[in-house]
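Pasting the sequence and the predicted model now:
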Amino acid sequence: MSLFTKAIPNSRPDINRRQTMIKWPSLVAMALCAAILLPGPAPATPLVDSAPEATVADGIVAIREGNFREAVAIWTPHAEAGNPAAHYGLGLVYSRDRGAGMPARPELSHRHYKAAAHRGHVDSIFELAFQHERGIGTEANTDYALAYYRVAAAENHLNAQYNLAVLLSRGGDVKPDLREAFFWAAAANNNARIRPRGELTLERESAGWRR
C-alpha cells in the first residue's frame, strides 16, 4: 500500500502502519500519532554492474568524479520509470548548490524524496523529515517532521533515531518528551555499535555529498 494514499487529519502526513519489534509501551501510542508505518524498506541499491541497476551505479561513478550533470542525466530516466534509488539520488543532487550552473533546487529535491518515499524508501522519508523540520523545499512543519522521523526511526534509521532524540529533548516547537527521547537515543547508540558493514550502496556512497 502506498505511503500517501489516505489523508491523515490534524496536519499529519499520510503513512502506512506495520507492526514493529520494538518492545516499549509508549511506542504504540507514538505510532498511532505518527500514523501507519511502512510495509518495509526498499532494498538498497548495490554498486554492481548488473541490470537493471547498472545505470544507477554509473550515476554514482559520475558523482565520484564530480560530474553531477552526468549523474542527473543517468538517473532521470530511471526516476521517471519509478526507481526509488534514482529519485533519492536526484533529491540529494538538487538539495544544494553543486556549482557549474547547477544551483540548489530544494522544491525539486523535495518532490524526488517524496516520490521515493511513496515506494517505501526509508532514507527518503528521513530526508522529508529533515526538510519539514528546517523548512527546506517545503514549509516547516514539526508535526510532519516528527511523524516522518518516527517512521524512519522505527525502520532502524540511525540519523532519524538521533534527530528524534534531539527534537524531543530540547523543547521549543516540540513538546519535550524525555522518556521517548532517551529511548531513541539508546536505540541510536545501539544501532551505531552494531550497524553492519556490507556492500556499498547509493545511500552509503552519498554520505560525503548529501549536504
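Right, received. Where do you want to start?

Any regions of the chain where pLDDT drops low?
Scanning the chain for pLDDT under 70 picks out 1-54, 196-211.

May I see the buried residues of the helix ranked longest in it?
If you go by DSSP state H, the chain has its longest helix at helix 178-194. Under the neighbour-count criterion of 16 or more other C-beta atoms under 10 Å, helix 178-194 has Glu180, Ala181, Phe183, Trp184, Ala185, Ala187, Ala188, Asn191 buried. Yep, even glycine has a C-beta here, placed from its N, CA and C like the rest.

quick one, phi psi at Asn156?
phi 70, psi 30 (degrees, to the nearest 10).

show me what contacts it?
Ala187, Asn191 (C-beta atoms under 8 Å, 6 or more residues apart in numbering).

and the helix or strand containing Ala71, what does it pack onto?
Per DSSP states H and E: Ala71 is located in helix 68-80. Secondary-structure packing of helix 68-80 (3 or more C-beta pairs under 8 Å, 6 or more residues apart in numbering; DSSP states H and E): helix 54-64, helix 84-93.

where do the helices sit along the protein?
Assigned by DSSP H, the helices in the chain fall at 25-33, 54-64, 68-80, 84-93, 106-118, 122-134, 142-154, 158-170, 178-194, 202-205.

relative orientation of the longest one and helix 142-154 in degrees?
In other words, helix 178-194. 40 degrees (axes from the mean of the first three to the mean of the last three C-alpha atoms, to 10 degrees).

next one: the fifth one
Here helix 106-118 points in a direction 50 degrees away from that of helix 142-154 (the same axes, to 10 degrees).

name the helices or strands packed onto helix 106-118?
Here helix 106-118 touches helix 84-93, helix 122-134, going by 3+ C-beta pairs under 8 Å, 6+ apart.

Alpha carbons of the longest one, in CSV - could you do that?
Spelled out, that is helix 122-134. Below are the C-alpha coordinates for helix 122-134, written out as CSV (Å, rounded to 0.1, in the frame of the first residue of the first chain):
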residue,chain,number,x,y,z
VAL,A,122,13.4,4.9,4.2
ASP,A,123,16.3,7.2,3.5
SER,A,124,14.0,9.5,1.5
ILE,A,125,11.5,9.5,4.4
PHE,A,126,14.3,10.7,6.7
GLU,A,127,15.1,13.4,4.2
LEU,A,128,11.5,14.5,4.1
ALA,A,129,11.5,14.7,7.9
PHE,A,130,14.7,16.9,7.8
GLN,A,131,13.2,19.2,5.1
HIS,A,132,10.0,19.6,7.1
GLU,A,133,12.0,20.3,10.3
ARG,A,134,14.1,23.0,8.6
